[in-house]
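Undergrad: Pasting the sequence and the predicted model now:
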Amino acid sequence: MKQYLYRVGIEHRKTKERTHLQVWASNVDEATNKLGNLFGCGDEYSWIGSGPVYEDNEAVAREI
């Protein structure tokens, strides 16, 4: 099974501080949900975007 490296962005609702974290997942929805559950998006933080990480015009992947 392949996993891809995704970059997920969140923003603190009060301070507007933005943070981008990278997570391994099978698809973008899984990556977003992993960090959404961790940071409680919808409460203190809001989600600002998710997308794959690219190196040499290819998505970064690994076999698990």
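TA: Yes, it's here.

Undergrad: wait, what's in contact with Val53?
TA: Applying CB atoms under 8 Å, 6 or more residues apart in numbering, we find Val53 in contact with 4-7, 22, 59-60. The way it works is simple: take the backbone N, C-alpha and C, and place the C-beta from them, glycine included.

Undergrad: Double-check that Val8 belongs to a strand.
TA: Yes: counting by DSSP: H, G, I helix; E, B strand; the rest coil, Val8 is part of a strand.

Undergrad: Now do the helices in the protein.
TA: Ranges of helices in the chain, per DSSP state H, are 28-39.

Undergrad: Could you list the low-pLDDT ranges of it?
TA: The chain contains residues with pLDDT under 70 at 39-42.

Undergrad: Nearest the middle, which residue of it would you pick?
TA: Of all residues in the chain, the one closest to the mean position by CA atoms, centre = their mean is Val8, 2.4 Å from it.

Undergrad: Please identify the buried residues of stretch 55-64?
TA: Residues of stretch 55-64 classed as buried by neighbour count (16 or more other CB atoms under 10 Å): Val60.

Undergrad: which residues sit against that stretch?
TA: 1-5, 24, 52-54.

Undergrad: Any idea how far stretch 17-29 is from the middle of the chain?
TA: Remark: stretch 17-29 is offset 1 Å from the chain centroid, using CA atoms, centre = their mean, to the nearest Å.

Undergrad: Spell out, range by range, the strands that occur in this protein.
TA: Using DSSP state E, the strands of the chain run over 2-12, 18-25, 45-52, 54-55, 58-59, 61-63.

Undergrad: Many thanks, I have nothing further to ask.
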